[in-house]
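Colleague: Have a look at this prediction, sequence included:
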Amino acid sequence: MDFTLEALETPALTKAHLADLLFEQIGLNKRESKDMVEAFFDLIARSLIEGTDVKISGFGNFQIRTKAPRPGRNPRTGEAIPIGERRVATFHASAKLKEQIQGSADEGASQEVEWNLGAE
């Protein structure tokens with residue numbers, strides 16, 4: 001099944017826009033579409049909070065990384081302030097996605113993106 005994403009009116013793809021695409025192109029009702037998008041992102045967030053990496057084949061990997069404590073500085077006063085250890089989420093695009101991004105940059109800005117939602 002192919003998903004076609006026309007040029008966006010806003011500079012970002014939002015959860016509401018994703019739900020609209022599910023409604024228009026797959027035929028789910030609006031409530032199911034919204035619930036599916038919310039469930040997808042909730043599952044990713046919960047996995048990351050628990051420390052589990054999330055790998056989406058052909059798209060990329062979301063990982064939690066622990067950053068070590070380090071000295072910082074207040075930019076306004078110049079005062080040294082310690083920055084404590086913290087966990088951050090990182091995203092690494094897959095080789096396939098990087099190739100697609102590079103290909104679209106080589107061809108100029110594309111107005112349409114096509115996603116294949118089936119077995120490869």
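Modeller: Thanks, I have it.

Colleague: from here on, contacts and neighbour counts on C-alpha atoms
Modeller: Will do.

Colleague: Show me what counts as buried in the helix or strand R31 falls within.
Modeller: Using DSSP states H and E, R31 falls within helix 30-49. Judged by neighbour count using 16 or more other Cα atoms under 10 Å, the buried positions of helix 30-49 are K30, S33, K34, M36, V37, A45, S47, L48.

Colleague: just stretch 50-58 next, same as before
Modeller: Quick answer for stretch 50-58 (16+ other Cα under 10 Å): D53, V54, K55.

Colleague: so the second one makes contact with R46?
Modeller: No. Between V54 and R46 no contact is recorded; they are 10.1 Å apart, counting by Cα atoms under 8 Å.

Colleague: returning to what we had before: show only the entries of the buried residues of stretch 50-58 found in strands.
Modeller: V54, K55 (DSSP state E).

Colleague: Can you lay out the buried residues of stretch 50-58 as TSV showing pLDDT and distance to V88?
Modeller: As requested, these are exported to TSV (pLDDT from 0 to 100; distance: Cα to Cα, whole Å):
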residue	pLDDT	distance to V88
D53	96	12
V54	97	14
K55	97	16
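
Colleague: which one of the buried residues of stretch 50-58 is nearest I101?
Modeller: For these, the minimum distance to I101 (Cα to Cα) is 18.6 Å, reached by K55.
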